[in-house]
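Participant: using only what follows, build the 3D model:
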Amino acid sequence: MTALSDIFTSARAEGRAAFVGYLPAGYPTADGALENLSTLARHADLVEVGIPFSDPMMDGPTIQAAGTEALSNGFRVHDTFAAVEAVVAAGSNAVIMSYWNPILQYGPETFAEELAAAGGLGSIIPDLLPEESERWNAACAANGLDNVYLVAPSTTPERLDMTVRAGGGFIYAQSHMGVTGAQEDVSTDARGVVDRVRSATDLPVAVGLGVKSGDQAAAIADYADGVIVGSALITAAGQGVDALDALAADLHDGVRR
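Facilitator: As a prediction, this is how the structure comes out:
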């Protein structure tokens, strides 16, 4: 097990799931992002620091809009590391979530080295498939980082087996197909995906896509090792730091019910 995996196993030892929150670096501004991430970090076991990208084809409208605003306000990939440092300084743990292109353009080896130096524990890169990850896996291994992969309801048994064998830290289980975004109800497919992953690996399993309330977090915490929330937190951040703090506190409490 690694430091990233231990976040989930430690939470489960306390009889709860881990709360994983996502916010993009640079949103709405560089300084505003640091305040938002520090606020979230006071409630979350793990923070996914998103890297805004100009072609976010897998993201829903909330994350797309936040990323566009961050880019228009001058975000650069190097700003990611200050965001990670802010999360760690606030007492939480951090991974980055990004498309592959920004990391490739930055230089994977340099990026991994700087991410580790900032205190990051790993990465989630949804558009980087296990069979295409040799260079990034090597950079992660050289710097003690975990490379987290996603599985979905449509993932075949063969690809599931390959994915969990390639992954580290935890497995990100998508609750439904499609782009990111808060939902009124989290898909019932989520429990089935978790069961399938658990039959294939001992890695912790966290469920994401759609969660927006403490009640939804509590329902998922009943069967998953972690609950991932993104779009709802961005919406709250857009309303001000007090709204973000209130939602993060509700989600923090939800995984403990």
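
Participant: for Glu69, which residues are in contact?
Facilitator: Applying CB atoms under 8 Å, 6 or more residues apart in numbering to Glu69 gives the contacts Tyr27, Pro28. C-beta: built from backbone N, CA, C; applies to glycine.

Participant: distance from the chain centre to the helix or strand where it lies, please.
Facilitator: Assigned by DSSP states H and E, Glu69 belongs to helix 61-72. Centroid separation for helix 61-72 versus its chain: 17 Å, with CA atoms, centre = their mean, to the nearest Å.

Participant: gap between the host helix or strand of Gln216 and the chain center?
Facilitator: Element membership for Gln216, per DSSP H and E: helix 214-221. Here helix 214-221 shows a centroid-to-chain-centroid distance of 17 Å under the convention CA atoms, centre = their mean.

Participant: likewise for stretch 220-236?
Facilitator: Distance, centroid of stretch 220-236 to centroid of chain: 10 Å (CA atoms, centre = their mean).

Participant: residue numbering should commence at 346 henceforth.
Facilitator: From this message on, residue numbering opens at 346, which makes the last subject stretch 565-581.

Participant: list the buried residues of stretch 431-451.
Facilitator: Buried residues in stretch 431-451, counted by 16 or more other CB atoms under 10 Å: 431-433, 435, 437-445, 447-448, 451.

Participant: on that earlier part again, check which helices and strands the helix holding Gln561 sits against.
Facilitator: Helices and strands touching helix 559-566, by 3 or more CB pairs under 8 Å, 6 or more residues apart in numbering; DSSP states H and E, are strand 571-574, helix 586-599.

Participant: what is the mean pLDDT for the last one?
Facilitator: I take that to be helix 586-599. Mean pLDDT, computed over helix 586-599, is 98.

Participant: quick one: the strands in the stretch 496-602 of the chain?
Facilitator: Using DSSP state E, counting those that start in this stretch, the strands of the stretch 496-602 of the chain run over residues 516-519, 550-553, 571-574.

Participant: contacts for the last one next, please.
Facilitator: Looking back up the chat, that one is strand 571-574. Under CB under 8 Å, 6+ apart, the answer for strand 571-574 is 352-353, 356, 362-367, 390-391, 393, 515, 517, 549-554, 556-557, 562, 565-566, 596, 599-600.

Participant: what do you get if the cut-off is 7 Å, keeping everything else the same?
Facilitator: Under the contact criterion CB atoms under 7 Å, 6 or more residues apart in numbering, strand 571-574 has outside partners 353, 362-367, 515, 517, 549, 551-553, 556, 562, 565-566, 596, 600.

Participant: likewise for the second one?
Facilitator: The set of residues external to strand 550-553 that reach it, using CB under 7 Å, 6+ apart, is 363, 365, 515-520, 535, 539, 542-543, 565, 569-573, 575.

Participant: re earlier: hey, which of the strands of the stretch 496-602 of the chain is tucked in deepest?
Facilitator: strand 571-574 (a mean of 29; mean count of other CB atoms under 10 Å).

Participant: using PDB, write out every CA atom in stretch 545-553.
Facilitator: The C-alpha coordinates for stretch 545-553 follow below in PDB (Å, rounded to 0.1, in the frame of the first residue of the first chain):
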ATOM      1  CA  ALA A 545     -10.500  -7.800  -9.200                       C
ATOM      2  CA  THR A 546      -8.300  -5.800  -6.800                       C
ATOM      3  CA  ASP A 547      -7.500  -4.900  -3.200                       C
ATOM      4  CA  LEU A 548      -7.100  -1.300  -4.100                       C
ATOM      5  CA  PRO A 549      -9.600   1.100  -2.500                       C
ATOM      6  CA  VAL A 550     -12.500   2.200  -4.700                       C
ATOM      7  CA  ALA A 551     -13.900   5.700  -4.800                       C
ATOM      8  CA  VAL A 552     -17.100   6.700  -6.600                       C
ATOM      9  CA  GLY A 553     -17.400  10.000  -8.500                       C
END
